[in-house]
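S.K.: test case, fold it:
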Amino acid sequence: MKKRLFCALLAALLLLLAGCARGTKIVPIETLSPVQTQASIFTPAPTQTAQVQTDEPLVVARIEESGMSIGTRVNPPMGYTRIYAAEGSFSDFLRKYPVRVAGAEVMLHDGTARQDAQAAAVLDVTLGKKNHEGPAGAIARLIAEYLYAQERYSDLSFTIGKSFDFSFDRWRQGKVLKSSGSQLEWTDGGQDSNGEENFKAYLSTLFVYISMSTLQKDLVKIEDVDAEEIQVGDIFIAKNSEGREHAVMVADLCNNDETGERLMLLVQGGTPAQQLHIVDNPSDASIAPWYPCGFASELSTPDLTLDIEKRYRFAAFQKKE
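M.R.: Numbers count the residues shown, from 1 in each chain. From the prediction side, this is the model:
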């Protein structure tokens, strides 16, 4: 019995020595804790999935139908930014000028629509019933409304007749216009008031007498068109298809963020008397309704062919604002 036990122990000892000789490591089972076991498991790194770019360039509609002013209705083309307009400037005034609902037609003084009008936006103005507010009156309206809003009454004046100075400063002191043949003069009988109704009465009278020929007496011609950059309020005078003189005004400006190229919006009235409107640009959909400022000599609009040499500025706007 003792001999058998001794043989068994000897065999076990030999097996143990043989395992050590072969380099086999004997790990006691009690040392294999769950934490250590989990840590020793090989876990492949997560696959790096390429992030798909889902952000697309923000596209802004050129015509924002919900906008109710020139500045909020018409956006610059992509890559262009509106030129800074100081608060209280004519540029600021026109950008805030109210427009009618998107798609509104250009209405004539008799209540009918102008069928061939190409307008990006129609300004919210009310015409008189008579055919008085032609292209000169439409431009004068914008200038007069701005000067009135700024209380620049001494600058609010237009030449009518041969050389009559039709000044709101005189009108608001209770004077009215009296005509005798071709002669014009001031007379008593008006309202001594700066009020809005009296201003509207002044405009109504102005529209009766103003014309393209009289308006030009209050404008300064831009002699060096290369040195003098186009600015808001500049006026181009040209003849329409019927040979009548017409006027369009620069209503807004923007420039290209990279190249500095300038674009302009144009606003006009017309003959017969019609609502002021932003002129569309059917010849260049990439920038419409904007037009390039840097045209070499001539620029075509739906109604006119503009000449770069026939650019004018209201005399009062020559003053530093």
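S.K.: got a list of what Ser163 touches?
M.R.: By C-beta atoms under 8 Å, 6 or more residues apart in numbering, the residues touching Ser163 are Lys217. The way it works is simple: take the backbone N, C-alpha and C, and place the C-beta from them, glycine included.
S.K.: tell me how far it lies from Gly111.
M.R.: According to C-beta to C-beta, to the nearest Å, Ser163 stands 36 Å off from Gly111.
S.K.: can you pull out the low-pLDDT segments for the chain?
M.R.: The model of the chain has pLDDT under 70 over residues 1-59, 319-321.
S.K.: show me where the stretch 201-321 of the chain has its strands.
M.R.: For the stretch 201-321 of the chain, the strands defined by DSSP state E, counting those that start in this stretch cover 219-221, 235-239, 245-256, 262-268, 277-279, 291-292, 298-300, 305-307, 311-314.
S.K.: the fifth one pairs with which strands, and in what direction?
M.R.: According to DSSP bridges, strand 277-279 has the following sheet partners: strand 119-122 (antiparallel), strand 262-268 (antiparallel).
S.K.: roughly how far is the first one from the heart of the chain?
M.R.: Going by C-alpha atoms, centre = their mean, to the nearest Å, the spacing between the C-alpha centre of strand 119-122 and its chain's C-alpha centre is 13 Å.
S.K.: which of the strands of the stretch 201-321 of the chain sits most buried?
M.R.: Scoring these by mean neighbour count under mean count of other C-beta atoms under 10 Å gives strand 277-279 as the most buried, with a mean of 25.
S.K.: now the strands of the stretch 201-321 of the chain in JSON lines, with distance to Gly195?
M.R.: As requested, the strands of the stretch 201-321 of the chain are exported to JSON lines (distance: least, C-beta to C-beta, whole Å):
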{"stretch": "strand 219-221", "distance to Gly195": "29"}
{"stretch": "strand 235-239", "distance to Gly195": "29"}
{"stretch": "strand 245-256", "distance to Gly195": "27"}
{"stretch": "strand 262-268", "distance to Gly195": "27"}
{"stretch": "strand 277-279", "distance to Gly195": "28"}
{"stretch": "strand 291-292", "distance to Gly195": "38"}
{"stretch": "strand 298-300", "distance to Gly195": "41"}
{"stretch": "strand 305-307", "distance to Gly195": "38"}
{"stretch": "strand 311-314", "distance to Gly195": "24"}
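S.K.: for the ones you listed, which one sits closest to Val176?
M.R.: Smallest distance to Val176 across these (C-beta to C-beta): 24.4 Å, for strand 311-314.
S.K.: between the strands of the stretch 201-321 of the chain, which gets nearest to Gly190?
M.R.: strand 311-314 (24.8 Å).
S.K.: for the strands paired with strand 277-279, give me a markdown table that also has distance to Ile83.
M.R.: What follows is these, written out as a markdown table (distance: least, C-beta to C-beta, whole Å):
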| stretch | distance to Ile83 |
| --- | --- |
| strand 119-122 | 18 |
| strand 262-268 | 8 |
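S.K.: Lys178 is nearest to which of these?
M.R.: Nearest to Lys178, of these and by C-beta to C-beta, is strand 262-268 at 31.8 Å.
S.K.: without its sequence neighbours, what residue ends up closest to Trp290?
M.R.: Spatial nearest neighbour of Trp290, excluding adjacent residues (C-beta to C-beta, 6 or more residues apart in numbering): Leu263 at 3.9 Å.
S.K.: same check on Ala61?
M.R.: The shortest distance from Ala61 to any non-neighbouring residue, by C-beta to C-beta, 6+ apart, is to Asn75 (6.6 Å).
S.K.: from Tyr202, how far off is that neighbour?
M.R.: 35 Å.
S.K.: and the two? Which one has more around it.
M.R.: Taking other C-beta atoms under 10 Å, Asn75 and Tyr202 do not tie; Tyr202 has more neighbours (24 against 17).
S.K.: right, and the more buried one touches Arg170 too?
M.R.: No: under the criterion of C-beta atoms under 8 Å, Tyr202 makes no contact with Arg170, lying 9.8 Å away.
S.K.: strands along the stretch 1-150 of the chain, start to end?
M.R.: Counting by DSSP E, counting those that start in this stretch, the strands of the stretch 1-150 of the chain are 80-82, 119-122.
S.K.: so what's Ser204 closest to, chain neighbours aside?
M.R.: Among residues not flanking Ser204 along the chain, Gly128 sits closest, at 6.2 Å (C-beta to C-beta, 6+ apart).
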